[in-house]
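Undergrad: Whatever this is, show me its structure:
(one chain, ligands or ions: 1)
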Amino acid sequence: MYQCKKCNDRGIVLHEGVAYRCRCWSQKILDLKIKKANLGVNFNDAKFSNFKLDYYPNTIPPDGEATYRERANKALLAAKGFVNDINTNKVKKGLFFCGPVGSGKTFLASATARELLLNNHEVLFVVVPDFLDALRFTFDKNDNGITEKGLMDVVWNIPILILDDLGAHNYTQWTVNKIYSLLNYRLNNKLPTIITSNLTLNELEILLGDRTCSRIIALCNVFRLLVPKDIRYIQSLNSMITQ
Ligand SMILES: [Zn+2]
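TA: All right, here's what the predicted structure looks like:
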């Protein structure tokens, strides 16, 4: 079965002997970019327009300050602003999204990545625990062609880096040093970085140390997303209701 019946997934259609790009072409290019950026298939749906503020109630969470929705809106505007700043070469700081599982932080980071890819920027999406495992693996056996240095070179130097799930990994001196070294390098070389974490900065400070946290603060503007319940739980409820 072909996804595009017009061109049988070749990306090109022939009309009276002349080849034209099929309408599915730009999607194919985007799919390739998504693959190269290490984004999963579901990131096609990670669009800013799919970030629904309705999921965040207009009430104030127990910790006080802004409503759930105000926080979410602020984070969304910051993500859009970040894309704008990259497009106009004016980016000053990256983004740090923290919040519990299901608060939408990874979605927002992915939507930002997708938008940047659409604008032809080089982006790499890295799940921190996986990356540290890969790094350790190449360190153990660097005879598989990928060296620790090669892997580090890519992640350290990619123009825009997204570090998903910082904090959800082992805390050995080795991982703590690797993360510090990466963030310090990104900061010194003014390379835009987006970070997501289930942990707050205070919690990260206890686990990763204050020198790493000071790099995060210097590198990123901080946003805390909160939801009263897991968004995926609400979504599954909603889809049950509409079925
Ligand atoms: Zn087609």
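
Undergrad: right, and residue 196 touches residue 164 too?
TA: Yes. Counting by C-beta atoms under 8 Å, residue 196 does reach residue 164; the two are 5.1 Å apart. In this view, the C-beta of every residue, glycine as well, is placed from N, C-alpha and C.

Undergrad: what sits in contact with each of these two?
TA: Both residue 196 and residue 164 are contacted by 106, 109, under the criterion C-beta atoms under 8 Å, 6 or more residues apart in numbering.

Undergrad: With neighbour numbers in mind, choose between these two.
TA: residue 196 (28 against 23; other C-beta atoms under 10 Å).

Undergrad: helix or strand for that one, which one?
TA: strand 193-197 (DSSP states H and E).

Undergrad: which helices and strands sit right next to whatever helix or strand comes next after that strand?
TA: The first helix or strand that comes after strand 193-197 along the chain, using DSSP H and E, is helix 201-208. Judged by 3 or more C-beta pairs under 8 Å, 6 or more residues apart in numbering; DSSP states H and E, helix 201-208 is in contact with helix 173-188, helix 210-219.

Undergrad: residue ranges of the strands in the protein, please?
TA: Listed in chain order, the strands of the chain (DSSP state E) span 12-15, 18-21, 94-98, 123-127, 160-164, 193-197, 220-224.

Undergrad: so which of the ones you listed gets nearest residue 187?
TA: strand 193-197 (8.2 Å; C-beta to C-beta).

Undergrad: which helices and strands sit right next to that closest one?
TA: strand 94-98, helix 105-118, strand 160-164, helix 210-219, strand 220-224.

Undergrad: can you put these in JSON lines and add mean pLDDT and distance to residue 192?
TA: Shown next, in JSON lines, are the helices and strands packed on strand 193-197 (pLDDT from 0 to 100; distance: least, C-beta to C-beta, whole Å):
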{"stretch": "strand 94-98", "mean pLDDT": "97", "distance to residue 192": "5"}
{"stretch": "helix 105-118", "mean pLDDT": "92", "distance to residue 192": "9"}
{"stretch": "strand 160-164", "mean pLDDT": "94", "distance to residue 192": "5"}
{"stretch": "helix 210-219", "mean pLDDT": "96", "distance to residue 192": "9"}
{"stretch": "strand 220-224", "mean pLDDT": "95", "distance to residue 192": "9"}
